[in-house]
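Student: following is a predicted model, sequence given first.
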Amino acid sequence: MLFFFFFFFFFFFFFFFSFNKDGDEELKPAVEVYPKDKIEYKLTYTNNTEKELKGLVITGPIPQNTFFVSGTNNTKINSDFVVSIDGGKTFEPEPVKRIVMKDGKEVEVIIPPEKYTAIRWMPNVPINAKEKQIFTYRIEVNQPISDCTTPCL
């Protein structure tokens, strides 16, 4: 007998972010994007069990030809937020700092968000039974579509 258990559902959507004629934010499903377009990712996790789930790690990609828009990582969940600059191999809190040599001296530099390759939330609380948790962030397209070797999204 074969059993399948689905502990949680994960939905991943991205939206084009713009302003309407009144200057209010509007989110529309993203189909095509162009340089300077801002895209909002919405990651939704739902616990479909009768028990709480602990240890969830939420990782969001930063696609090629885009960059993370600093300060747009949002959730109502008590979480630690970390970023990667090495394709998701390692993660660390912001600001990401490195020591480099400049004019023969060691200098501390802050790695800008444009260099992030992935972001991650690590909730400090479980997802309770039947609860939904939502995580959002924005990226900006930084190269023309013609420069993309694959679709920019």
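Tutor: Received, thanks.
Student: which residue would you name as the spatial centre of the chain?
Tutor: Gly60 (3.6 Å; CA atoms, centre = their mean).
Student: pLDDT averaged over the helix or strand hosting that residue - what is it?
Tutor: Take DSSP states H and E as the rule and Gly60 turns out to sit in strand 58-61. Computed over strand 58-61, the mean pLDDT rounds to 94.
Student: swap in stretch 140-153?
Tutor: On average, stretch 140-153 scores 60.
Student: one more: stretch 40-49?
Tutor: Rounded mean pLDDT across stretch 40-49 is 89.
Student: give the partner strands of the strand holding Gly60 in its sheet and their orientations.
Tutor: Strand pairing for strand 58-61, using DSSP bridges, gives strand 118-123 (antiparallel).
Student: just how off-centre is the partner strand within its chain?
Tutor: Chain-centre distance of strand 118-123: 7 Å, with CA atoms, centre = their mean, to the nearest Å.
Student: same deal with stretch 113-129?
Tutor: Distance, centroid of stretch 113-129 to centroid of chain: 8 Å (CA atoms, centre = their mean).
Student: again with stretch 66-75
Tutor: 7 Å.
Student: ok, now which ones touch the closest residue to Asn74 other than its chain neighbours?
Tutor: Using CB to CB, 6 or more residues apart in numbering and skipping the chain neighbours, the partner closest in space to Asn74 is Thr136 (4.9 Å). Every residue, glycine included, has its C-beta placed from N, CA and C. With contacts defined as CB atoms under 8 Å, 6 or more residues apart in numbering, Thr136 is in contact with Glu40, Tyr41, Lys42, Leu43, Thr72, Asn73, Asn74, Thr75.
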